[in-house]
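Engineer: structure, please.
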Amino acid sequence: MRYELHHGDCFDVLKTLADCSVDAIVTDPPYGLGKAPDPVKVMAAWVSQGYFEVEGSGFMGKKWDAFVPQPIIWKEVFRVLKPGGHLLAFAGTRTQDWMAMSIRFAGFEIRDMIAWVYGSGFPKSMDVSKAIDKAAGAERAGTGEFVRGGCRAARGGTELVGSESIESAKWKQLTAPATPEAGQWAGWGTALKPALEPITLARKPFADTVAANVLKHGTGAINVDGCRVGTNDKLSGGHATAGQQMTGGWERPWMSDPEAVAANAERSRQSVAKAEALGRWPANFIHDGSGEVTALFPESNSARANGNPNNPKRGANHTATSYGQGNDQETCDYRDSGSAARFFYCAKASKKDRNEGCEKLDRKISARSCQAQAEAKRGNVVECEGGAFNKARLALNHHPTVKPTELMRYLCRLVTPPGGLILDPFMGSGSTGKAAMLEGFRFIGIEQEAEYLEIAKARIAHVVGKTSGMLPFE
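Structural biologist: Numbers count the residues shown, from 1 in each chain. Below is the predicted model of the structure:
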């Protein structure tokens, strides 16, 4: 059986799974974007019983997003995972601390944090100046400028920006402060532009060495070569010439032997040649390829040209350690070079990626889209909970937080042994399952919302070429 999809609360379903039966956990759990509870009370409850009762709701009014999954759930995940098995769990930037601590309380060791960075986030910030005027009952006048998605355009009546009139409902007119107090705080807000999602990398502890655990359980290590980032660059880092190794700041006892020095330099050259052939070492940074992100990593070169401010030189009185000879003469450079292409690239989920396999499902209103379109009162609209909504935006896969398949494939491949079993206790619309099938792994998914389970069924079945999934636990 390549995959099983379970409908129900993950805490209950996890109890039906055998101890140490899963190779890896790759999941996108609720971020817990509700009102933050008292941390002292939460920690006390987590220590005593692994659970704290939280009221309210979170993302778009969803009860299941009121708080992050708590230790009582992660302990069940811990139990079914093999010793040395890895857990990859997405989180929100505001609640990453809660997520990581909850995972720690369950017994996991935190190994790293991967940042998925993108340029398409939109700031959800309150305009402090507007809030001051509103509280004062003052009406603000328009400035003649319009804004949409961070772009500005001057008033022009029928003037077009691209193919749109700036007078359309999609453009909002900027307003000027109406009171002196509002003017004082013009330009102040309450939030940064979202541009990354953290992914906690954790591992279940084991008693023996990594080598012994890998041989016994197939878990404990990550698939470095299988996740290298392809490159056409000549990598300069990592090796020094025999002459460089014999210079000041590099002497070691074995370096008095020219043959040993030459042999070490050759091993370094072979290591670099392997990296160039296989690709760059996977990093804890993943980007979406947008201009906004790649601009942060301009094409650079840590070559040894004089005048390069990045050259690893040290002053004459500095005791050399990692770089340089200590006399302002550089030796070799262990750093990387190039643009953002050195990191794994993955854009956000495309419409095709989201909807593949869902063609026979009923189109439904995406809560996220409905909220975004609530003020669009023109054209062909229908009513939804959040207001007016354009029919053309009805979604086949209406899950609000679909992750791109290529990203999930990369993450699955990073932590799962060949043919291994991946568990996603918070399956959503099945992105992890779809990725697992494409990578040749086995998969168990758990989802409590029936509408999302149907989407996951369709997407995963589409990948394996079947019309229905294998659902023995329904």
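
Engineer: where along the stretch 101-250 of the chain do the strands fall?
Structural biologist: According to DSSP state E, counting those that start in this stretch, the stretch 101-250 of the chain carries its strands in the segments 109-117, 142-148, 151-154, 160-161, 164-165, 172-175, 196-203.

Engineer: which among those strands is found nearest to residue 25?
Structural biologist: strand 196-203 (8.6 Å; CB to CB). Glycine gets a C-beta too; all of them are placed from N, C-alpha and C.

Engineer: which helices and strands does the closest one pack with?
Structural biologist: strand 81-90, helix 96-105, strand 109-117 (3 or more CB pairs under 8 Å, 6 or more residues apart in numbering; DSSP states H and E).

Engineer: of these, flag the one that's most buried.
Structural biologist: Highest mean neighbour count of the helices and strands packed on strand 196-203: strand 81-90, a mean of 24 (counted as mean count of other CB atoms under 10 Å).

Engineer: can I get the helices and strands packed on strand 196-203 in CSV including distance to residue 343?
Structural biologist: Below are the helices and strands packed on strand 196-203 laid out as CSV (distance: least, CB to CB, whole Å):
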stretch, distance to residue 343
strand 81-90, 17
helix 96-105, 20
strand 109-117, 9
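
Engineer: between those, which gets nearest to residue 280?
Structural biologist: Among these, if distance is taken as CB to CB, the winner is strand 109-117, at 15.2 Å.

Engineer: Three-state assignment for residue 413, please.
Structural biologist: Classification of residue 413 by DSSP: H, G, I helix; E, B strand; the rest coil places it in helix.

Engineer: what's near enough to touch it?
Structural biologist: 223, 226-227, 439 (CB atoms under 8 Å, 6 or more residues apart in numbering).

Engineer: now restrict those residues to buried residues only.
Structural biologist: 227, 439 (16 or more other CB atoms under 10 Å).

Engineer: closest to residue 16 among the contacts of residue 413?
Structural biologist: Taking the contacts of residue 413 together and measuring to residue 16 by CB to CB, the closest member is residue 439, at 25.3 Å.

Engineer: any idea of the pLDDT on that closest one?
Structural biologist: pLDDT for residue 439: 93.

Engineer: please shift the residue numbers so they start at 4 in all later answers.
Structural biologist: Let's use 4 as the start, then, which means that last one is residue 442.

Engineer: ok, now how distant is it from residue 350?
Structural biologist: 19 Å (CB to CB, to the nearest Å).

Engineer: same question for residue 457.
Structural biologist: Residue 457 is 26 Å from residue 350, where distance means CB to CB.

Engineer: how's the protein carved up into domains?
Structural biologist: Using automatic domain parsing, the domain parsing of the chain gives 6-123+197-228+405-453, 131-187, 240-281+307-339, 365-396.

Engineer: how many neighbouring residues does residue 206 have?
Structural biologist: As a burial measure, residue 206 scores 21 neighbours (other CB atoms under 10 Å).

Engineer: quick one, what contacts it?
Structural biologist: Residue 206 touches 87-90, 111-112, 114, 223, counting by CB under 8 Å, 6+ apart.
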